[in-house]
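**Q** Coordinates only, no sequence provided:
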């Protein structure tokens, strides 16, 4: 095996996801490529419909019916895209696990949380009842649930939203995964709780040398926690860069538009410059650059051919033919 | 102000003034009914002056939405009063109340749930015009089209139904409907939180444009601090049914006084490149500071509000009196014009 130590834990190349229906197919994720090294947080940003969640689901091998993925997803150097389901089952929940947005609906309301955490353990590990019980308590403690010995007998409705998300994280890390996918893990939570959950994920990552794919629309959360960022628009990665680079000097008009949409201190009283219009549906995308119809930098050449994701400076990629002209700063 | 001619209004009074508003929901728990009381709003006073924006910030359970319902007279308070240009809303006769309802409009969080799915855009916006007899048969279509233009929509959508629109477009339709009756105050309850970031900015621009053009006042409820900072002249911070801090927006964001406000600011992930591009230890330091300030633990249930200061169990700066004595909302020494309910600032 070539260079297993330095190879990224997850490597996605040319990932396409399409839905087929009676009138043909529609591609919703297009040539997505990125990689996540061990112990790093990769932030995937973008608005609803940009294809972030489908990308995550394809890594887990749980795409919805009718969706087809092509390309390559390598995990620990081995191909996992479209793996036979029994093989994927031994990876999913064990080596790769996932935390979803809605802690209210992701837990079974009629089972005690202890039972649900133990279920996650016993699915993959040969443990006795007693061992599973002890591990469940330890897991709940590691996600900082107070008095876990008692809490283990609670039902989900007895816990707050933040506590439920902690239980979800405990289940996700039960089998010491190498990769944790967190899909909008804090969207349903309050600001102070959001900070706690993101800090928890970051702490667990550091303790366990776990990699994290953090999917969020919140650029602030990415700025604080991620090492590398990918910005998605209309199923494509339009910008990919180390976190400090992308916020210091974004090189794609869409990223700039997103940052312009957030009111910063200096903008008080002056109108914001939001991106005009809204995201077109996947079957109504313009020719050439998919952002060209909303872009203030667009020139006729943008509508000719779709630009490739090109390296502008070391490690900083942009899918824009005018990327080198972007001079935006915070 | 033609709509208000018939109301005996006092000039110079705030558009809306809440006085010691309380809303308690008593309920029974268990088979034999232990009587419990949920204190959703517990003694809130605030006011919105003409052409000003009061931002109300707080997390879930802080009573923001209940406050909005009382201020718009959708709910009756358990005690306290709401004054509209100095006149008690709950003492108004039918005619006055009708004028009040016209002058105070509300925009809700979920634009998917607040439009009638079986009414066209035209019907939705024309209805308030018809009810308040603000347009006749001949000019109603023109008026509706004008309102749509104000929120950046074209008249080609008049005959379409809500399901044909995106969240941002629906929220625009809701704003147009609220504007139809030329209100003086718009109560906006988390109007942006269901929308994508770029769409949020579009709606924000519409709202701040309306403030300038029509001299509107806003009671703007949100959990998003950046948005509140951008739009508000004044801010009230709520926690478990109480206002814990009230101040001009600029001064509040420059230097929060209440530890809860400071904790909220520390929790909201900021995009700070300057600090990040510095040496790694610098970043570590910031993260440590944030951790120190950010509130620990969960928000207590409004059924079981902690004694003393409601924030004390989560407060990093609590001391002797905090779990016993409830701090009053007062102006601290050396901070004229600001109000804070905290023993650190006020003698107890």
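**A** The structure has been received and is ready for your questions. Bear in mind the structure is a predicted one, so any value in this text is a computation, not a measurement.
**Q** what number of residues lie near the one residue in the stretch 1-150 of chain A that gets nearest to chain B?
**A** Nearest to chain B in the stretch 1-150 of chain A, going by C-beta to the nearest C-beta, is residue A:47, at a distance of 4.0 Å. For every residue, glycine as well, the C-beta is placed using N, CA and C. The local packing count at residue A:47 equals 22, with neighbours defined by other C-beta atoms under 10 Å in any protein chain shown.
**Q** next one: the one 10 residues further on
**A** Using other C-beta under 10 Å, residue A:57 has 18 other residues around it.
**Q** Ok, residue B:318 next?
**A** 18.
**Q** Model confidence for it, exactly?
**A** Predicted confidence (pLDDT) at residue B:318: the value is 92.
**Q** Enumerate every residue touching the nearest residue to the residue of the stretch 1-150 of chain A closest to chain B once chain neighbours are set aside.
**A** For residue A:47, ignoring the flanking residues on the chain, the nearest one in space by C-beta to C-beta, 6 or more residues apart in numbering or on different chains is residue B:196 at 4.0 Å. Counting by C-beta atoms under 8 Å, 6 or more residues apart in numbering or on different chains, residue B:196 touches A:47-48, A:217, A:279, B:167-168.
**Q** The residue of the stretch 1-150 of chain A closest to chain B reaches residue A:279, doesn't it?
**A** Yes: using C-beta atoms under 8 Å, residue A:47 makes contact with residue A:279 at a distance of 6.2 Å.
**Q** Quick check: neighbours shared by these two?
**A** A:233, B:196.
**Q** rewinding a little: how about the contacts of residue B:196, which pair is most distant?
**A** A:217 and B:168 (14.0 Å; C-beta to C-beta).
**Q** These two: who's more crowded?
**A** It is residue B:168, of residue A:217 and residue B:168, that has more neighbours when counted by other C-beta under 10 Å, with 21 against 18.
**Q** how far away is that one from residue B:128?
**A** 22 Å (C-beta to C-beta, to the nearest Å).
**Q** Which secondary structure state does whichever residue of the stretch 101-250 of chain A sits closest to chain B sit in?
**A** As assessed by C-beta to the nearest C-beta, chain B sits closest to residue A:220 within the stretch 101-250 of chain A, at 3.2 Å. For residue A:220, the assignment made with DSSP: H, G, I helix; E, B strand; the rest coil gives helix.
**Q** Please tell me the pLDDT value assigned to it.
**A** Residue A:220 carries a pLDDT value of 87.
**Q** do you know how far it is from residue A:245?
**A** Residue A:220 is 17 Å from residue A:245, by C-beta to C-beta.
**Q** and those two? which has more neighbours close in?
**A** residue A:245 (21 against 18).
**Q** contacting residues for the more buried one?
**A** Counting by C-beta under 8 Å, 6+ apart, residue A:245 has contacts A:313, A:315-316.
**Q** Filter the residues you listed down to the buried ones, ChimeraX style.
**A** To isolate the buried subset of the contacts of residue A:245 in ChimeraX, counting by 16 or more other C-beta atoms under 10 Å in any protein chain shown, use the following:
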select /A:316
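**Q** mind putting the contacts of residue A:245 in CSV, pLDDT included?
**A** Below are the contacts of residue A:245 laid out as CSV (pLDDT from 0 to 100):
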residue, pLDDT
A:313, 94
A:315, 94
A:316, 96
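**Q** who in the stretch 51-200 of chain A is up against chain B?
**A** When proximity is defined by C-beta under 8 Å from any C-beta of the partner chain, the stretch 51-200 of chain A lies next to chain B at A:146, A:160-163, A:190-196, A:198-199.
**Q** All the strands of the stretch 151-300 of chain B, residue numbers only.
**A** Using DSSP state E, counting those that start in this stretch, the strands found in the stretch 151-300 of chain B span residues B:185-189, B:217-222, B:234-239, B:242-248.
**Q** got it, and chain A?
**A** A:10-21, A:24-36, A:41-45, A:67-75, A:78-79, A:96-99, A:179-183, A:211-216, A:228-233, A:236-242, A:310-313, A:316-318 (DSSP state E).
**Q** Reformat those strands into CSV and put distance to residue A:133 next to each item.
**A** Formatted as CSV, these follow (distance: least, C-beta to C-beta, whole Å):
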stretch, distance to residue A:133
strand A:10-21, 33
strand A:24-36, 33
strand A:41-45, 32
strand A:67-75, 31
strand A:78-79, 34
strand A:96-99, 21
strand A:179-183, 24
strand A:211-216, 28
strand A:228-233, 39
strand A:236-242, 43
strand A:310-313, 52
strand A:316-318, 48
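**Q** between those strands, which gets nearest to residue B:142?
**A** strand A:228-233 (38.2 Å).
**Q** What helices and strands are in contact with the closest one?
**A** strand A:24-36, strand A:41-45, strand A:236-242, helix A:243-248, helix A:253-261 (3 or more C-beta pairs under 8 Å, 6 or more residues apart in numbering or on different chains; DSSP states H and E).
**Q** Can you list the strands that that strand pairs with?
**A** Strand A:228-233 has these partner strands in its sheet, going by DSSP bridges: strand A:41-45 (parallel), strand A:236-242 (antiparallel).
**Q** so can I have a markdown table of those strands showing mean pLDDT, distance to residue B:145 and mean neighbour count?
**A** Converted to a markdown table, the strands paired with strand A:228-233 look like this (pLDDT from 0 to 100; distance: least, C-beta to C-beta, whole Å; neighbours: other C-beta atoms under 10 Å in any protein chain shown):
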| stretch | mean pLDDT | distance to residue B:145 | mean neighbour count |
| --- | --- | --- | --- |
| strand A:41-45 | 97 | 37 | 25 |
| strand A:236-242 | 97 | 36 | 25 |
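**Q** nearest to residue B:345, of those strands?
**A** Among those, strand A:41-45 sits nearest to residue B:345 (C-beta to C-beta), with 38.3 Å.
**Q** The closest one versus strand A:24-36: what angle between them?
**A** Computed by axes from the mean of the first three to the mean of the last three C-alpha atoms, to 10 degrees, the angle separating strand A:41-45 from strand A:24-36 equals 150 degrees.
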